[in-house]
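Chemist: structure of the sequence below:
(2 chains)
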Amino acid sequence: AQSVSQHNHHVILSEAASLELGCNYSYGGTVNLFWYVQYPGQHLQLLLKYFSGDPLVKGIKGFEAEFIKSKFSFNLRKPSVQWSDTAEYFCAGLSGSARQLTFGSGTQLTVLP
Amino acid sequence: NAGVMQNPRHLVRRRGQEARLRCSPMKGHSHVYWYRQLPEEGLKFMVYLQKENIIDESGMPKERFSAEFPKEGPSILRIQQVVRGDSAAYFCASSPPGTGWSTEAFFGQGTRLTVV
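Modeler: Sure, this is the predicted structure:
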């Protein structure tokens, strides 16, 4: 079965610290992977996505993610976080045969000023 | 170009009542997806609809839940005889025809249903 897992449920960082949020997937075949962010009270926004090509994907707001096929991972990174990055982050995957995204359980990031 | 519009934003229902959640997709989008986010959990797929057709309802509970996307008007997620366990945030997403998630699908702000 398709699954996406995020093992960090809550991450607390100080401003300017570096961020890495883990995401692992279990899929066979073609894999499309996404990171979404949900600010308090708002809708999900797409940060970045991977479909093919360069495994290092650049997204909005200074985020990037690296697709490592051998590790079944798609970790989200940012070199220096800001207080405004406080939000919940969701990893999601789409297998080639599926019509819907499968989401991880989310990671709540709190950035302390 | 307005985004995906969901209303109401907050809905309170007593146990046994009906809840109707509405989703107006972005202009030009004919695919609608409904997701449910239970407290402390990620989003779970419920149903995928195109105009007048249910394409995939594998995530819908077998009873009390139904969805439609008529030719005219918004998509409706209907929950009959609500129970406390239905309390959750319900999100709608839409995408253009013929693309699905391969291009970007946009999410609405969600409807937070509270059953008292």
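Chemist: all strands for chain B, in order.
Modeler: Shown for chain B, the strands assigned by DSSP state E span residues B:5-7, B:10-13, B:19-24, B:31-37, B:43-50, B:53-56, B:65-68, B:75-79, B:88-95, B:106-107, B:111-115.
Chemist: would you format the ones you listed as CSV with mean neighbour count, mean pLDDT and distance to residue A:110 included?
Modeler: Quick note: C-beta positions are derived from backbone N, CA and C, even for glycine. Formatted as CSV, the strands of chain B follow (neighbours: other Cβ atoms under 10 Å in any protein chain shown; pLDDT from 0 to 100; distance: least, Cβ to Cβ, whole Å):
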stretch, mean neighbour count, mean pLDDT, distance to residue A:110
strand B:5-7, 18, 95, 27
strand B:10-13, 15, 98, 24
strand B:19-24, 20, 98, 30
strand B:31-37, 25, 93, 19
strand B:43-50, 22, 91, 21
strand B:53-56, 14, 91, 36
strand B:65-68, 18, 97, 34
strand B:75-79, 20, 98, 32
strand B:88-95, 23, 93, 20
strand B:106-107, 21, 88, 22
strand B:111-115, 18, 96, 21
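Chemist: can you put these in JSON lines and add distance to chain A?
Modeler: Putting the strands of chain B into JSON lines (distance: least, Cβ to the nearest Cβ, whole Å) gives the following:
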{"stretch": "strand B:5-7", "distance to chain A": "8"}
{"stretch": "strand B:10-13", "distance to chain A": "10"}
{"stretch": "strand B:19-24", "distance to chain A": "12"}
{"stretch": "strand B:31-37", "distance to chain A": "6"}
{"stretch": "strand B:43-50", "distance to chain A": "4"}
{"stretch": "strand B:53-56", "distance to chain A": "5"}
{"stretch": "strand B:65-68", "distance to chain A": "13"}
{"stretch": "strand B:75-79", "distance to chain A": "15"}
{"stretch": "strand B:88-95", "distance to chain A": "7"}
{"stretch": "strand B:106-107", "distance to chain A": "4"}
{"stretch": "strand B:111-115", "distance to chain A": "9"}
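Chemist: columns distance to residue A:67 on top of the ones you listed, output as a markdown table?
Modeler: Listed next are the strands of chain B as a markdown table, based on distance: least, Cβ to Cβ, whole Å:
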| stretch | distance to residue A:67 |
| --- | --- |
| strand B:5-7 | 31 |
| strand B:10-13 | 38 |
| strand B:19-24 | 31 |
| strand B:31-37 | 24 |
| strand B:43-50 | 21 |
| strand B:53-56 | 26 |
| strand B:65-68 | 33 |
| strand B:75-79 | 33 |
| strand B:88-95 | 22 |
| strand B:106-107 | 23 |
| strand B:111-115 | 33 |
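Chemist: of those, which is nearest residue A:63?
Modeler: Comparison of these against residue A:63 by Cβ to Cβ identifies strand B:106-107 as nearest, at 17.5 Å.
Chemist: next, count neighbours for residue A:22.
Modeler: The tally of other residues near residue A:22 (other Cβ atoms under 10 Å in any protein chain shown) stands at 16.
Chemist: helix or strand: which one has residue A:34?
Modeler: Secondary structure assignment for residue A:34, by DSSP states H and E: strand A:31-38.
Chemist: what's the answer for residue A:4, then?
Modeler: For residue A:4, the host element (DSSP H and E) is strand A:3-5.
Chemist: who does whichever helix or strand comes after that strand touch, helix- and strand-wise?
Modeler: Next helix or strand after strand A:3-5 toward the C-terminus (DSSP H and E): strand A:10-14. Contacting strand A:10-14 under the criterion 3 or more Cβ pairs under 8 Å, 6 or more residues apart in numbering or on different chains; DSSP states H and E are the following elements: strand A:19-21, strand A:107-112.
Chemist: right, I'll leave it there.
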